[in-house]
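A.B. asks: coords please:
(chains A and B)
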Amino acid sequence: MKRIIVSALLLCGSLSLLYAQTDTLQLEATTIVAHAEDRQIKSTSLVADVVTTDFLEKHFTGNIIQSIGKLPGIQSMDIGSGFSKPMIRGMGFNRIAVAESGIKQEGQQWGADHGLEIDAFNVEGIRVLKGPASLLYGSDAMGGVIEIQPVTFKQENCRYAEVSMLGKSVNAGFGLSLMAGASGKRWMFQARFSEQHFGDYRVPTDSIVYLTQRLPIHGRKLKNTAGFDRSGSITAGYRAGKYKGFVTISDAFEKTGFFEGAHGVPDITRLADDGDSRNIGLPFSKVNHLKVSTRQVISTGRSIFTMDLGYQNNDRSEWSSFHTHYGTQPKPEKDPDKEHAFMLHTLSGSASWRIMHSARFEETFGLSGAWQRNTISGYGFLLPEYRRTTAGAVWTATFKPDSRWTLTGGLRYDIGNINIKGFHDPYLETYLAERTDISLSPAEIADYSNVSRATDSSLGDYSASFGAVWTPFQGHIVKANIGRCFRLPGANELSANGVHHGTFRHEQGDPDLDPEHGWQGDLSYRYEWNGFHIEVSGFASLYGNYIFLDPTGSWSVLPHAGQIYRYTQTEAEFLGGEIDALLPIFSWLDYSFSGEYVYTYNVHAHTALSFSPPATMNNALTWHNRLADITAEVRSTAAQDRVAHNEQKTPGSTTVNLSVNREVRMGPVEAVISLSANNLLDKKYYNHLSFYRRIQVPEPGRNIQLSVKLKFNKKTS
Amino acid sequence: MKTINRILAAAAVASLVIISDSCKKDDGDVTPPVISLEEPEEGDEIAIGGDHGMHFECDFSDNVALASYKIDIHYNDGEYAHEHSKAENLFSFQKTYTDIAGKKNAHVHQHDVVIPETAPEGKYHLMVYCTDEAGNETYIVRNIVLSHDAEEHDHDHDHEHEHEGE
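C.D. replies: Below is the predicted model:
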C-alpha cells in the first residue's frame, strides 16, 4: 500500500511541476471548443477512451474486442481467430462490464472460452471507462466498462444505407453486413443484418508440444477452429417535444469449433487432417444472444428522466462426442453429444433522474435492478442452476466551481441474492463407490458427488467515487479519481465442485465467500496542441477479498484431475499505466506511440495474479498522401514472467503490421477501404491471454485483410 | 517545442516511477516440478496379470521442494467415442505418494501397479502428477496398452521401492 501511495504522490508531483512550467505560457482563452468526443472524455473523472466510428472503420477486424484491444489499457483475450473476451487493465471475466444503451450484457462471462456476443459491424462508437465503474453499473464493473454507443437519430430527414464487406486470409474468412435506416423529424428506423464465416486459422508452425507429446498441425491450419456468426438488429426511435424513445431488438448467433487438442488428453488420431478446413466438427460451441431493450427519455429544460429496460436470453451449448468416466452413465437419447447447455435469462432495468440545478451543479438519482435465472442441461456438469436478483440505488453529482474545474462524486449501494441449486451426480457416486483402487468413506463419496452445493447467499456492498477534471489551460486536461468498487461472487465461485473441462482442474467453490471490493486511484494528464497529443495515465488499486483459484495441494480422486483448486480470497494489488501520443512530424507524416503496463500481486500467494497482461508498446508511422493513409506499425510485447501458480510464462514478441486506408467519395456514396497485413513477417509468437496459450498454440500467422464499407446517404425533404 | 519536451520528460519520469516502483521481487515460487518418466514409455504394452506389477521408474525434481505425486491409470475411452459396454470391470489405478516430500530430486522405482487378470485389454492412459510445496503442479500423459500377450518386463533391478534424493 505504501508503494502505491508513494507512486501516486510522485505522479502528482511530476504533474504539478508540469503545471508550474506551463503557467508561464500566455494563453488567450480558456474556453474549450468541445466536440462530442471531447465532451465524453471530460464528462467523467475516470480515464476514458472514446473510440470513434473512424477508428473502428480503420481497425475493423470483424471482432470488436480485437479492434479496441489495440488501445492502451485494453486487452483482448482471444479464443481462436473469431471470438474474444475483453479485459481492461488486467481485469477480465466478471470483473468488467460491457453495456449497450445502459443495459449490461449478460452472458456466461466467467468462462475462459466464452466470447462476447455482439455484432462487430453494428458498433458505431465505444466509450471505455478504465477504472472502478461499479458506481455506474453496480457489481461486476469493478475494473471498468465498455459502453457501446446506442443507435440514435441521424441528421434530420435522411435515408441512409451501408454495405460492409470483409475478407481475411488467415482463416479464409469473409463477412458481409447490410444496414439501412431513415431518420425523420419524429421517427427513426434502422435495421442491420450481418454474417461472417471463417475456416480453420493458420498458425506459423507444423506441430505443437503439449504434455510431452508432439501434436501435428496439418497444413499449418489449426484443425476445427472454423466458425460463423450471424446477427440482426432493428432499432426504432420516436421523438416529440420533451419525449424521446427507442426500442431495439437484436439477435446474435455464433458457432465455433474447438481445437481437439484443447479438450481432453491429446490424441494424435483425432488431430489427423480431415481434408476440410471449413467444417465445424465436434467439439464446438454455439450461442444465441437475444436482446430486447428500450430507452425512454423525458427532458424538460432543467431535468432529464431516463428509463432503460432490457430482456436478454443467452442460450449457450457446448457439444462434444458423448464421453464419461462413470460406467453407469447412459448415453442420452436426445442430443447425445450435448455436453453442457446454459440458458440464462436476464431482465434488467434502470431509472435515473438528472437534475440540472444550475449551469454549475447537477445531481442524478438512480435506481437499478436485475433478475436472472440460469438453467442447465447436457450430459456433463459445469455450472449449477441459479436465480440471482440484484438491486441498487445511486446518487451522483457534478459541480463546476469555475470553467477550469469539474468535480464529480457519487455513492451507491447494491444488494444481491443468489440462490444456487444443488446438483447430485448419481453416476459419480456409483463410480466412486465401486472403485477398488481407492477406498472412500460414504461421507467423502457424498462430498464428491454433490457437484454443486445448494447455496443461498445474500450480500450487499457500497461503491463510491470522487474525482476532478481540471483544465488549467486550453489543451491541458488533468483528471484524478478515487473510487471504491465491489463485485458479488458468481455461481461458479460459490458452489462449483468438479473438473472444469477447459482447464482440467478440480475447482471447488466456497459458499461463504464475501463480496470482492477495492479502492482505486487514477491520475491522468492529457495535452493537445496543433494535432499533437499526449496522454499519460497511472492507476493503483488495492482489493480485499479478491477471489482466485488457490491450489490446495490435496489430490482429487476424480478422473483426469490433479490437485483440488479452491476459490479463496486474498488481498490483491494492481498498479500500472498507459501512455498514448501522436506527434505530427510533417504535415504528411505522423508518429504515434502507445504503451501499457500492469503489475498485479496476490498478497496471499506472493505471486502475480493469473492473466496479467504483459507490457506492450506500439510504435507507428503514418504517411498521409493524396491516395491513401499508409501506416507501418511495430508492436512489441514484453515477456510475461510474472505468473500465478500453475500458469505458464510467455516469451515476448515483436510483430509488424502494415495498413492502407482510403476514403473515397463518389457522389452520394462514401467508401472506406482498408487493406491491412497483420503479423506481416508470419512470426511465431504466443499471446499470454489467449485461450489456446495453455496448450502451446501460437498466435495466428500472417493475415492479409480487406475491408470495404460503402455508405449511402440521401437527404429527403 | 520546448514545452512539449518538458511534458514528455515529465511523462517519462511519471511512467518510470510507476514501472520501477513495481519491480518488487515476488517471493512466491511459480516454477513447477519436473517429471521425467523413464518407464513405462509411450505406447508400451503392459502385461495383464503379471506377478510383480508394472515397472515404474521416474525422476521428479523441483527448484524448491517436492510435495507429492500421484499415479492415475484409466481406460482410454478416446474421450469422444466410448460406448460403455464393458464398464463394470474397467481397470483403474489411483494412488498418491508423499515419500518425495521435502526433496529437491527424487528417483522413484516401484512396482505398485498390479494389473489383475480380470482387467480388459485395450488402450489406457497413464497419468503422472506431481506437486511442489508451493502448490505448483505438473502432469504428463502416456498412452499405454494392457495386453495378455505383452512380455513381462524383465530387468535387473531388485523390486523394492527405491528413493534417492537430497
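A.B. asks: interface residues of the stretch 551-700 of chain A facing chain B?
C.D. replies: A:551-553, A:555, A:557, A:559-560, A:562-563, A:575-577, A:579, A:581, A:595, A:597, A:599, A:601-602, A:605-608, A:615, A:642-647 (Cβ under 8 Å from any Cβ of the partner chain). Where C-beta positions appear, they are placed from N, C-alpha and C, glycine not excepted.
A.B. asks: out of those residues, which are buried?
C.D. replies: Buried subset of these (neighbour count, 16 or more other Cβ atoms under 10 Å in any protein chain shown): A:551-553, A:555, A:557, A:559-560, A:562-563, A:575-577, A:579, A:581, A:595, A:597, A:599, A:601-602, A:605, A:607-608, A:615, A:642-647.
A.B. asks: spatially central, which residue of chain A would that be?
C.D. replies: Among the residues of chain A, the one closest to the centroid is residue A:86, at 2.2 Å (Cα atoms, centre = their mean).
A.B. asks: return the residues in contact with that residue.
C.D. replies: If a contact means Cβ atoms under 8 Å, 6 or more residues apart in numbering or on different chains, then residue A:86 has A:65, A:68, A:69, A:74, A:75, A:76, A:77, A:92, A:96, A:98, A:116, A:146 as its contacts.
A.B. asks: just the C-alpha atoms of the one helix or strand it maps to, please, in PDB.
C.D. replies: Applying DSSP states H and E as the criterion places residue A:86 in strand A:83-88. Taking C-alpha atoms only, strand A:83-88 is exported to PDB below (Å, rounded to 0.1, in the frame of the first residue of the first chain):
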ATOM      1  CA  PHE A  83     -14.100 -14.600 -30.800                       C
ATOM      2  CA  SER A  84     -12.600 -12.700 -27.900                       C
ATOM      3  CA  LYS A  85     -13.200 -11.600 -24.400                       C
ATOM      4  CA  PRO A  86     -12.400  -8.100 -23.300                       C
ATOM      5  CA  MET A  87     -10.000  -7.100 -20.500                       C
ATOM      6  CA  ILE A  88      -9.300  -3.700 -19.000                       C
END
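A.B. asks: ranges for the strands of chain B?
C.D. replies: All strands of chain B, identified by DSSP state E, fall at B:34-39, B:45-47, B:56-61, B:66-75, B:93-97, B:105-110, B:122-132, B:137-147, B:162-165.
A.B. asks: for residue A:181, list each beta-bridge partner.
C.D. replies: Beta-bridge pairing for residue A:181 (DSSP bridges): residue A:160, residue A:190.
A.B. asks: that one reaches residue A:155, doesn't it?
C.D. replies: No. Counting by Cβ atoms under 8 Å, residue A:181 stays clear of residue A:155, with 11.5 Å between them.
A.B. asks: of these two, give the one with the bigger neighbour count.
C.D. replies: residue A:181 (19 against 9; other Cβ atoms under 10 Å in any protein chain shown).
A.B. asks: how much space separates that one from residue A:280?
C.D. replies: The gap separating residue A:181 from residue A:280 is 33 Å, by Cβ to Cβ, to the nearest Å.
A.B. asks: so which elements touch the host helix or strand of residue A:208?
C.D. replies: In the assignment (DSSP H and E), residue A:208 maps to strand A:207-210. Judged by 3 or more Cβ pairs under 8 Å, 6 or more residues apart in numbering or on different chains; DSSP states H and E, strand A:207-210 is in contact with strand A:213-216.
A.B. asks: what residues sit buried inside the helix or strand just after the strand it packs on?
C.D. replies: Remark: after strand A:213-216, the chain's next helix or strand is strand A:227-240, criterion DSSP H and E. For strand A:227-240, the neighbour count (16+ other Cβ under 10 Å) marks A:227, A:228, A:229, A:230, A:231, A:232, A:233, A:234, A:235, A:236, A:237, A:239 as buried.
A.B. asks: could you give the bridge partners of the closest residue to the third one other than its chain neighbours?
C.D. replies: Spelled out, that is residue A:229. Distance criterion Cβ to Cβ, 6 or more residues apart in numbering or on different chains; nearest residue to residue A:229, sequence neighbours excluded, is residue A:254 at 4.3 Å. Note on residue A:254: beta-bridge partners residue A:229, residue A:287, judged by DSSP bridges.
A.B. asks: who's in contact with residue A:254?
C.D. replies: A:82, A:83, A:115, A:117, A:227, A:228, A:229, A:286, A:287, A:288.
A.B. asks: now name the helix or strand holding residue A:431.
C.D. replies: Element membership for residue A:431, per DSSP H and E: helix A:426-434.
A.B. asks: what does that helix contact?
C.D. replies: A:324-329, A:440, A:445-446, A:448-449, A:451, A:557-558.
A.B. asks: before we move on, the earlier item: ok, so of the contacts of residue A:254, who is nearest chain B?
C.D. replies: residue A:286 (17.8 Å; Cβ to the nearest Cβ).
A.B. asks: ok, residue A:124 to residue A:64 distance?
C.D. replies: Going from residue A:124 to residue A:64 by Cβ to Cβ gives 11 Å.
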